[in-house]
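J.: following is a predicted model, sequence given first.
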Amino acid sequence: MSHVSLIPFKVENRFTAMSDVPTGVEMVEAPFFWEESNKGAGQVIAVIDTGCESYHPDLVEQIIDGKNFTDDYGGDEANFEDNNGHGTHVAGTIAAAENGSGVVGVAPEAQLLILKALDGQGGGDMLNVIDAVHHAINWRGYNGERVRVISMSLGGPQDIPELHAAIKRAVANDISVVCAAGNEGDGNIDTDEHAYPGAYNEVIQVGAVNFQGQLTQFTNTNDELDLMAPGEHILSTYLEGGYSELSGTSMAAPHVSGALALVTNWAESGFNRKISEAEMYAQIIRRTTPLGNPLTAEGNGLLTLGLVEKIAVWSEERLSLP
């Protein structure tokens, strides 16, 4: 089975203490949408990565379960601790708790299923990832909870049919699969760069912009991009109870993973029923803002969770004009 590794990322800064809503979380307008979405409560997001620091003060209450698929810690399946940092950072962007200190994630009341499929060096066998996807599909919580989103900021250059089949199975079970686009971008929007599983049509592929809404130099461009999210100097949780700024499409994808928990809560409350994966996708895409780049460079545009409500207010104001 093919080797898989983290989507490359860069550690920009490290911090031991923090009290802030990260700029990326603000940029996708998550706080604007918290009241309508119950902050993602009741939604479970599976994070397939390097594990997670389970005792981090911003994450300890968010983790509902986990499993180790690697040989780390002697292959102990119950030990899904992060010995790299990447997985903890991704988990914090998705669902770090709103506890008055540290940082806060996009969906601060969602729960996390931590699936450690990559080792401390950020690598592993694609079979581990495939097993983790199937585990996420089959997993049930003590109260019947089920995974609704799988987040993967990893990839490889090869199309693996078994991985593709696992992703198709997840989608068929109404689980949205969110993947980082990859960091092989050359700055030329006319050339395509692909990484798998991001390049599969069934996944929600996320590219990266900076805080000015410009494409990052490193983000992949291709004809399967779905949308963009912040991916440069992203502040989130890190090892030893600390915090770090990282850059990469790995940091963009978890913004969308958390956002799916929010829009799913909002839509299911409004429709008074469970929505399908196709409906989850439609709801997230209708909350994007075009940035003026070709579709192959930005997909449908930048994730902006408050867009629908802003349009409604604007329309109401227009109708009330004399």
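T.: Received, thanks.

J.: what about the closest residue to Pro294 other than its chain neighbours, how many neighbours?
T.: Once flanking residues are discounted, Pro294 sits nearest to Ile189: 5.9 Å by CB to CB, 6 or more residues apart in numbering. (C-beta placed from N, C-alpha, C; glycine too.) Using other CB atoms under 10 Å, Ile189 is surrounded by 15 other residues.

J.: Leu154 now?
T.: With neighbours defined by other CB under 10 Å, the count for Leu154 comes to 31.

J.: return the distance of the residue nearest to Pro294 relative to Gln214.
T.: 12 Å (CB to CB, to the nearest Å).

J.: residue ranges for the helices of the stretch 1-150 of the chain, please.
T.: Assigned by DSSP state H, counting those that start in this stretch, the helices in the stretch 1-150 of the chain fall at 23-27, 30-37, 86-95, 126-138.

J.: out of those helices, deepest packed?
T.: For the helices of the stretch 1-150 of the chain, average neighbour numbers computed from mean count of other CB atoms under 10 Å are highest in helix 86-95, which has a mean of 31.

J.: mind giving me the packing neighbours of it?
T.: Helix 86-95 makes packing contacts with strand 44-49, strand 111-116, strand 234-237, strand 243-247, helix 249-271 when contacts are defined by 3 or more CB pairs under 8 Å, 6 or more residues apart in numbering; DSSP states H and E.

J.: do that again at 6 Å, thanks
T.: strand 44-49, strand 234-237, helix 249-271 (3 or more CB pairs under 6 Å, 6 or more residues apart in numbering; DSSP states H and E).

J.: what about stretch 234-254, average pLDDT?
T.: On average, the pLDDT along stretch 234-254 is 96.

J.: would you mind writing the CA trace of it as CSV?
T.: What follows is stretch 234-254, C-alpha atoms only, in CSV (Å, rounded to 0.1, in the frame of the first residue of the first chain):
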residue,chain,number,x,y,z
ILE,A,234,-3.2,30.3,11.5
LEU,A,235,-3.3,30.4,15.3
SER,A,236,-4.5,27.2,17.1
THR,A,237,-3.7,24.7,19.8
TYR,A,238,-0.4,23.0,19.9
LEU,A,239,1.7,20.6,22.0
GLU,A,240,2.4,21.0,25.8
GLY,A,241,-0.8,22.9,26.3
GLY,A,242,0.5,25.7,24.1
TYR,A,243,-0.4,27.4,20.9
SER,A,244,1.2,28.0,17.5
GLU,A,245,0.8,29.8,14.2
LEU,A,246,1.1,27.3,11.3
SER,A,247,0.7,27.8,7.5
GLY,A,248,-0.5,25.4,4.9
THR,A,249,-3.7,24.1,3.2
SER,A,250,-3.7,21.8,6.2
MET,A,251,-4.8,24.8,8.2
ALA,A,252,-7.5,25.8,5.7
ALA,A,253,-9.4,22.5,5.6
PRO,A,254,-10.3,22.4,9.4
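
J.: and the gap between Phe16 and Thr296?
T.: For residue 16 the amino acid is Thr, not Phe. Using CB to CB, one obtains 41 Å as the distance from Thr16 to Thr296.

J.: that older thread, helix or strand for the residue nearest to Pro294, just tell me which one.
T.: In the assignment (DSSP states H and E), Ile189 maps to no helix and no strand.

J.: so which of the helices of the stretch 1-150 of the chain comes closest to Gly120?
T.: helix 86-95 (10.0 Å; CB to CB).

J.: how about that closest one as PDB, C-alpha atoms only?
T.: Output of helix 86-95 as PDB, limited to C-alpha atoms (Å, rounded to 0.1, in the frame of the first residue of the first chain):
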ATOM      1  CA  HIS A  86      -0.100  18.900  13.400                       C
ATOM      2  CA  GLY A  87      -3.200  17.000  14.600                       C
ATOM      3  CA  THR A  88      -3.600  19.100  17.700                       C
ATOM      4  CA  HIS A  89      -3.500  22.200  15.700                       C
ATOM      5  CA  VAL A  90      -6.100  21.000  13.200                       C
ATOM      6  CA  ALA A  91      -8.400  19.800  16.100                       C
ATOM      7  CA  GLY A  92      -8.200  23.300  17.700                       C
ATOM      8  CA  THR A  93      -9.200  25.100  14.600                       C
ATOM      9  CA  ILE A  94     -12.200  22.800  14.300                       C
ATOM     10  CA  ALA A  95     -13.500  22.800  17.800                       C
END
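
J.: now that helix, how far from the centre of its chain.
T.: 8 Å (CA atoms, centre = their mean, to the nearest Å).

J.: cool, stretch 100-114 as well?
T.: That offset, for stretch 100-114, works out to 12 Å (CA atoms, centre = their mean).

J.: what do you get for stretch 193-206?
T.: Using CA atoms, centre = their mean, the offset of stretch 193-206 from its chain centre is 13 Å.

J.: buried set for that stretch?
T.: The neighbour-count check on stretch 193-206 (16 or more other CB atoms under 10 Å) flags 193-200, 202-206 as buried.
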